[in-house]
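Enquirer: Fold the stuff below for me.
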Amino acid sequence: MSYLVEMGIDLSIMIHSLDTPPDDIYVLVREELLESRLATKVVE
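Expert: Here you go, the predicted model:
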């Protein structure tokens, strides 16, 4: 998680990764990508 902090990523994204069962995939929606700073711009 220190890498996420170093990159300025909101650690709240870890909630999804910890809550998602191993055989499922959680796809972040546009708002989550932008709010967590995993993305700075969404291109259609």
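Enquirer: where does this structure dip in pLDDT?
Expert: Within the chain, no stretch falls below the threshold (pLDDT under 70).
Enquirer: Strands of that one, start to end?
Expert: Taking DSSP state E, the chain contains no strands at all.
Enquirer: Name the residue closest to the centre of the protein, please.
Expert: residue 13 (4.1 Å; CA atoms, centre = their mean).
Enquirer: Need the nearest residue in space to that residue, chain neighbours excluded.
Expert: Leaving aside its sequence neighbours, residue 13 sits nearest to residue 36 (CB to CB, 6 or more residues apart in numbering; 4.7 Å). From N, CA and C alone the C-beta is placed, and that goes for glycine too.
Enquirer: Could you do residue 39 as well?
Expert: residue 33 (4.0 Å).
Enquirer: how about the helices in the chain?
Expert: Taking DSSP state H, the helices of the chain run over residues 2-6, 13-19, 30-35.
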